[in-house]
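J.: give me the fold of what follows.
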Amino acid sequence: MTDRNVPVRHAVVPAAGRGTRFLPITKSVPKEMLPVVDRPSIEYIAREATDAGIDDMLFVTRTGKESIEAYFDADPGLENELEKAGKDELLALSREYLKLARMHSVRQGHPLGLGHAVLQARQHVGNAPFAVMLPDDLMHPNSTLLKHMIDVRHALGGSVVALLRVTPEQATAYASTSVTPLEIPEGVSLKDGDLMRIDRVVEKPPLEEVMSEYAVVGRYVFDPAIFDELTKIEPGRGGEYQLTDGFARLINRDPEDGGGLYGVVVNDRRFDTGDKLGYLEANIALALEDPKLGPKLADFLVSEAGTQLKDRLAKVLGL
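T.: Next up is the predicted model:
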């Protein structure tokens, strides 16, 4: 078992998907590099990890995703030009990568599912706890969810997943869980009712088999025991190895051997940027919070909404 007091320094970001829901732009631009306001969505993930104390990030990618690596790399030529021109504000923006965790990458190779992607991190992470962050789950920049999950790992050991409250119909698109509420341990700043022991988990169940209002979403803090379990699972639909099948096995694994599975309820704002509507919502919500963009954007939205409403009423009334 890994000592629960070992710091969570690593984050693994599976980013090998093709982003087909965003075609045709994703023919040439990785979905993770699509901008949210003024920076690619993947930077929000990197900032979230860094703010939670993580200093090492591993992107699991494929061919055609080289721009992710390049974005977090130095560009000495650009930096020298900006410095000579005295463009200090732009120079600071070009050097923001220095404030973030150190970036690494590995290729997944064959697209064999999320469990297979995470398993590619085994050699890099080693026998240490680590976070997994799905880039389609974009948390508000003020979110402390990942930090709380790491605190739970330190307090209880085992592994921790994020739990979203959903309707039974929505739960069929997620991993549904059966849970038992737990008392909040010392050192963890959560409200009563926001920490669960997970007793059972099933990936994308039919409606009649949904177990609760809590579904697993894309933030995880794993004991390295997950790697052993991922080597034991069988491929499911489409020949893919499901991450859920791997961490479900941690429920009954001996706690002295890295077992135990807990859940932290998501109360911070979250955007599903793997969906076009969720992506637009993220752009609008975060742009409205920008002191320079927000007021003018708000005026535009009010005006546009009024115009659209008038047009729709006119059609309904036949005017």
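J.: elements contacting the host helix or strand of Val221?
T.: For Val221, the enclosing helix or strand under DSSP states H and E is strand 214-222. Here strand 214-222 touches strand 130-133, strand 137-139, helix 145-156, strand 159-165, strand 175-181, helix 243-248, strand 261-265, going by 3 or more C-beta pairs under 8 Å, 6 or more residues apart in numbering; DSSP states H and E. (Each C-beta comes from the backbone N, C-alpha and C, glycine too.)
J.: how about JSON lines for these, with distance to Pro7 added?
T.: Putting the helices and strands packed on strand 214-222 into JSON lines (distance: least, C-beta to C-beta, whole Å) gives the following:
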{"stretch": "strand 130-133", "distance to Pro7": "11"}
{"stretch": "strand 137-139", "distance to Pro7": "21"}
{"stretch": "helix 145-156", "distance to Pro7": "8"}
{"stretch": "strand 159-165", "distance to Pro7": "15"}
{"stretch": "strand 175-181", "distance to Pro7": "27"}
{"stretch": "helix 243-248", "distance to Pro7": "21"}
{"stretch": "strand 261-265", "distance to Pro7": "18"}
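J.: from the chain's centroid, how far away is stretch 263-276?
T.: Mean C-alpha position of stretch 263-276 versus that of the full chain (C-alpha atoms, centre = their mean, to the nearest Å) differs by 8 Å.
J.: count of residues packed around the closest residue to Thr231 other than its chain neighbours?
T.: Nearest residue to Thr231, sequence neighbours excluded (C-beta to C-beta, 6 or more residues apart in numbering): Leu119, at 7.1 Å. Neighbour count of Leu119, defined by other C-beta atoms under 10 Å: 23.
J.: ok, now how distant is Leu119 from Pro295?
T.: Look at Leu119 and Pro295: by C-beta to C-beta, to the nearest Å, they are 48 Å apart.
J.: likewise for Met211?
T.: Met211 sits 45 Å away from Pro295, going by C-beta to C-beta.
J.: please say which of these two ends up with more neighbours.
T.: Met211 (17 against 11).
J.: which element, helix or strand, includes that one?
T.: Using DSSP H and E, no helix or strand contains Met211.
J.: what's near enough to touch it?
T.: Ser176, Thr177, Ser178, Arg200, Val202, Pro205 (C-beta atoms under 8 Å, 6 or more residues apart in numbering).
J.: right, and Leu230 touches Tyr241 too?
T.: Yes: using C-beta atoms under 8 Å, Leu230 makes contact with Tyr241 at a distance of 6.9 Å.
J.: can you list residues touching both of the two?
T.: Contacts common to Leu230 and Tyr241, judged by C-beta under 8 Å, 6+ apart, are Gly115, His116, Leu119.
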